[in-house]
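Student: fold the following.
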Amino acid sequence: MLPTRPEKLLTQAIDNVLIRAKFKQSHDYHERLINQAKKQAKKIIIAAQTEKEKIFNQAKIHGYCQGINQTSTALALFIQAYQDLNHTLYNDIIKQIEQTLIQFLLTEPVIEQLLLNLMAKIDLQQQSKIYLPEKLATAFSERWSDKFSNLKLTSHKENGIVLEMGNEILYFSPEKSVTEMMKNIIADQQIAASNQQQIDCITELQENLAKTLQQQFEDYLTASEQSLPKTDR
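Tutor: Numbers count the residues shown, from 1 in each chain. The predicted model follows:
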């Protein structure tokens with residue numbers, strides 16, 4: 001039986017409602033999908049921004065660490081170079097001072113006074129022989145010919161002084177004496193404690209070199225027996 005017109009209209013109305021409902025449902029679904037996609041996209045964007053900031057922060061930290069490491073390395077190299085330079089300068093100055101002292105110790109007045117002090121303390125009854133650097137031997141032989149009849153002056157090519165008295169031999173080395181003297185000066189100043197003390201000590205040695213020389217050589221001249229240790233016979 002065919003539906004009447006009202007029934008047909010009702011059927012169409014129901015179909016229209018269902019279609020609209022389905023369309024709305026589909027629309028809502030798509031809206032929901034779009035919203036979900038937007039939310040997901042927002043999360044992705046936020047996550048990407050967070051990751052970007054994290055990467056940037058890590059890069060900064062790495063950069064800082066690398067910078068600190070490079071700075072520390074450069075500073076360490078600078079300190080090492082400074083210490084090496086300071087040590088080199090210190091050694092050079094000490095060597096220069098030692099050479100100055102050795103040259104001073106080999107001058108005629110100093111050697112002559114040292115030997116005169118020695119002659120006054122030893123027995124020259126028997127024939128004795130003294131070996132001096134050639135220049136000093138020539139200078140002293142003329143002045144000493146009348147002073148010590150039992151003392152024969154002989155020249156040699158060394159800087160040291162050798163005194164032969166029978167079986168006894170005394171030897172004096174300016175180099176060894178100066179080296180020992182410098183060790184005592186440095187030890188007195190406790191120079192090895194720090195770089196600054198090294199610099200201070202070097203400055204003091206330079207400023208008071210004349211005073212230091214005078215005092216040290218007075219000690220040597222008044223203690224000739226200690227300055228002339230016995231060597232192996």
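Student: show me how this structure divides into domains.
Tutor: 1-85, 106-227 (automatic domain parsing).
Student: mean confidence score for the shortest one?
Tutor: Looking back up the chat, that one is domain 1-85. Domain 1-85 carries an average pLDDT of 66.
Student: check the longest one too.
Tutor: Across domain 106-227, pLDDT averages out at 68.
Student: strands along this structure, start to end?
Tutor: Counting by DSSP state E, the chain forms strands over residues 128-133, 151-156, 161-165, 168-172, given from the N-terminal end onward.
Student: relative to residue 45, which of those is closest?
Tutor: Ranking those by their distance to residue 45 (criterion: C-beta to C-beta) puts strand 168-172 first, at 92.7 Å. Heads up, the C-betas are built off the backbone N, CA and C, glycines and all.
Student: buried residues in the closest one?
Tutor: By neighbour count, with 16 or more other C-beta atoms under 10 Å as the criterion, the buried positions of strand 168-172 are 170, 171, 172.
Student: the second one reaches residue 164, doesn't it?
Tutor: No. In this structure, residue 171 is not within contact of residue 164 by C-beta atoms under 8 Å, at 9.9 Å.
Student: and the strands of the chain as TSV, adding distance to residue 116?
Tutor: Converted to TSV, the strands of the chain look like this (distance: least, C-beta to C-beta, whole Å):
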stretch	distance to residue 116
strand 128-133	12
strand 151-156	11
strand 161-165	13
strand 168-172	14
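Student: among those, which comes closest to residue 50?
Tutor: With C-beta to C-beta, the closest approach to residue 50 among the strands of the chain belongs to strand 168-172: 84.9 Å.
Student: other SSEs contacting the closest one?
Tutor: Using 3 or more C-beta pairs under 8 Å, 6 or more residues apart in numbering; DSSP states H and E as the contact criterion, the secondary-structure elements in contact with strand 168-172 are strand 161-165.
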